[in-house]
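Engineer: Need coordinates for the following:
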Amino acid sequence: MRLFRLQPEIYKFDKFSEFVKEFGINDKDVIVVNNSIYDKFIKELNLRSVFISPKKYGEGEPSDEIIDQVLAEAAKNEFDRVVAIGGGAVMDIAKFLVLDNVSDTLDVFERKIEFKKIKELIAIPTTCGTGSEVTPYSVAEIKSKGTKMGIGIDEFLPDYAVLIPELLKNIPYKFFAFSTLDALVHAAESFVSPGSNPYTDIFAEKAMELILKGYKEISEKGREYYSEIIEDFLIGSNYAGIAFGNTGVGPVHALSYPLGGKYHVAHGECNYEFFTPVFKTYTKMAPDGKIKRFNDLVISILDLKDDSDVYTELDKLLNFVWEKNKLNNFGMEEKEILEFTESIIEKQQRLLSNNYMPLSKDQILTIYRELF
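Structural biologist: Model (predicted):
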């Protein structure tokens, strides 16, 4: 039984220009990057690479329609490597460009074709959330199905993960909040996953420590302080990606997908909605298992006196980072509580089964009702 795998070689540079020199970026590279990052850090270098901006085909998180159009644009060029520079959306899109003979994204998500990797992939995060630079996963909204789908295949694993803190120094606070909350959920779900082991726990624990201690500092020194310690969050996100890249994620993600898919709520914010409600449910169901280790870890990091207020204090800290919304404020209708629950049970069994304790239909309905 395989316990742990870390494929990408991990590099770190202070400046983007140092990466360009070390990796010999040239005209045989396709670089997937949005214009804001290109204009700020790349344009002045006058690189001869092929640049593709996914935002040309649509705003927000990736959809199968956007990925199909990026695939079509890339197919017009001859290239040896794919360089993904961005958040999880950019990386989720760029991963498709390494596969041979793909033009329909849905064929990949539904595993209708044979997967063959024919290009190298270099992944450079510009947010501190998904950890996609070290994982084999891609998630997209599938327009025809009205939900999100995820897939994890070895061919999607980047060959190189490159950390450049310079690229994150001035990210808007909202993106910082959503991405780091996402990373925290990744680490937490990995930690209580049935696939967790002593190797993944090392990375999950350290990720949670870096992120939660960072949040404490921000709560004490003010929200603007996040940019001063952004490197801690970048590394914490990377650790979380290594952890869940080996264990997968679970019901928090499953419950978030219908909301994100229908109402285009940011992935990190969706996960944040369901994070502590799911973990409180776990604690009620089996308080003496791995969830106790999770709760004890949070108590230690937050310097709490006992476990009686662990989720009260955790929610208070997370609510300082970003105030949690009610689901109806996103546009969700009450009738969709049942519709979303049935959709999850039908379409997200892979995630639901990767759990600390199985959640019943009634428990999922209860979580939705409490958040509505």
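
Engineer: At the geometric centre of the protein, which residue sits there?
Structural biologist: Nearest to the geometric centre of the chain sits Thr130, at 2.6 Å (Cα atoms, centre = their mean).

Engineer: for the nearest residue to Leu338 once chain neighbours are set aside, what are its contacts?
Structural biologist: Once flanking residues are discounted, Leu338 sits nearest to Leu365: 7.0 Å by Cβ to Cβ, 6 or more residues apart in numbering. C-betas here are computed from N, CA, C, even on glycine. By Cβ atoms under 8 Å, 6 or more residues apart in numbering, the residues touching Leu365 are 337-338, 341.

Engineer: Out of those residues, the closest to Leu47 would be?
Structural biologist: For those, the minimum distance to Leu47 (Cβ to Cβ) is 48.5 Å, reached by Thr341.

Engineer: still on that earlier bit, in a strand, the residue nearest to the centre of the chain, correct?
Structural biologist: No - counting by DSSP: H, G, I helix; E, B strand; the rest coil, Thr130 is not found in a strand; it is coil.

Engineer: Now which of the contacts of Leu365 would you call buried?
Structural biologist: Among the contacts of Leu365, those buried by neighbour count (16 or more other Cβ atoms under 10 Å) are 337, 341.

Engineer: In helices, which of the contacts of Leu365 fall?
Structural biologist: 337-338, 341 (DSSP state H).

Engineer: what's the straight distance from one end of stretch 346-361 to the other?
Structural biologist: Stretch 346-361 has an end-to-end distance of 11 Å (criterion: Cα to Cα, to the nearest Å).

Engineer: List the buried residues of that stretch.
Structural biologist: Counting neighbours by 16+ other Cβ under 10 Å, stretch 346-361 gives 347-348, 350-352, 354-357, 359 as buried.

Engineer: Let me know the average pLDDT across that stretch.
Structural biologist: Stretch 346-361 carries an average pLDDT of 94.

Engineer: For it, what is the distance to the chain centroid?
Structural biologist: 19 Å (Cα atoms, centre = their mean, to the nearest Å).

Engineer: Mind listing residues that contact that stretch?
Structural biologist: 145, 147, 149-150, 189, 192-195, 247-251, 253-254, 257, 278, 281-282, 285-286, 289-291, 341, 344-345.

Engineer: chain center to stretch 121-141, what's the gap?
Structural biologist: Here stretch 121-141 is found 7 Å from its chain centre; the criterion is Cα atoms, centre = their mean.

Engineer: now the contacts of Leu365 in TSV, with pLDDT?
Structural biologist: Formatted as TSV, the contacts of Leu365 follow (pLDDT from 0 to 100):
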residue	pLDDT
Ile337	97
Leu338	97
Thr341	97
